[in-house]
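Enquirer: structure, please.
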Amino acid sequence: MNWSKWIRQIHRWLAIGFTVTVLVTFVALAQDEPVVWVSYVPLLPLVLLLITGLYLFVLPHFTRWRGGRRTATTR
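Expert: A predicted model of the protein is given here:
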């Protein structure tokens, strides 16, 4: 499996983990005496989702740019 497929798979699992942490946060904050620090738990998967998502967003543009440069130098 190449690097892009690994990133895509990690991004999918992070999305599942982020969804679970958000649901747990909603349940924890709905208690009679909510623990405030629980609201920060989804931030780690969210930051990792941002990083992998930006990579996946830029990847097609980068490969197109890189491929275009290669053909320009071979002429």
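Enquirer: quick one: Gly53 from Arg8, how far?
Expert: Distance, Gly53 to Arg8, by Cβ to Cβ, to the nearest Å: 10 Å. For the C-beta atoms, the positions are set from N, CA and C on the backbone; glycine is no exception.
Enquirer: go on, Thr63?
Expert: 14 Å.
Enquirer: so the two - more neighbours on which side?
Expert: Using other Cβ atoms under 10 Å as the criterion, Thr63 and Arg8 rank with Arg8 on top: 14 against 11.
Enquirer: longest helix of the protein?
Expert: Longest helix of the chain, by residue count under DSSP state H: helix 43-74.
Enquirer: how far out from the middle of the chain is that helix?
Expert: Centroid separation between helix 43-74 and its chain, computed with Cα atoms, centre = their mean, to the nearest Å, is 13 Å.
Enquirer: ok, stretch 12-20 next?
Expert: Worked out by Cα atoms, centre = their mean, stretch 12-20 lies 9 Å from the chain centre.
Enquirer: touching it from outside, list them.
Expert: Pro42, Pro45, Leu46, Leu48, Leu49, Thr52 (Cβ atoms under 8 Å, 6 or more residues apart in numbering).
Enquirer: in it, what counts as buried?
Expert: Going by neighbour count (16 or more other Cβ atoms under 10 Å), the buried part of stretch 12-20 is Leu14, Phe18.
Enquirer: now that stretch: mean pLDDT?
Expert: For stretch 12-20, the mean per-residue pLDDT is 97.
Enquirer: send over that stretch as CSV, restricted to the C-alpha atoms.
Expert: C-alpha atoms of stretch 12-20 as CSV (Å, rounded to 0.1, in the frame of the first residue of the first chain):
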residue,chain,number,x,y,z
ARG,A,12,-11.2,7.5,7.5
TRP,A,13,-10.5,6.0,10.9
LEU,A,14,-9.9,9.4,12.4
ALA,A,15,-13.3,10.5,11.2
ILE,A,16,-14.9,7.6,13.0
GLY,A,17,-12.9,8.4,16.1
PHE,A,18,-13.8,12.0,15.9
THR,A,19,-17.5,11.1,15.6
VAL,A,20,-17.3,8.9,18.7
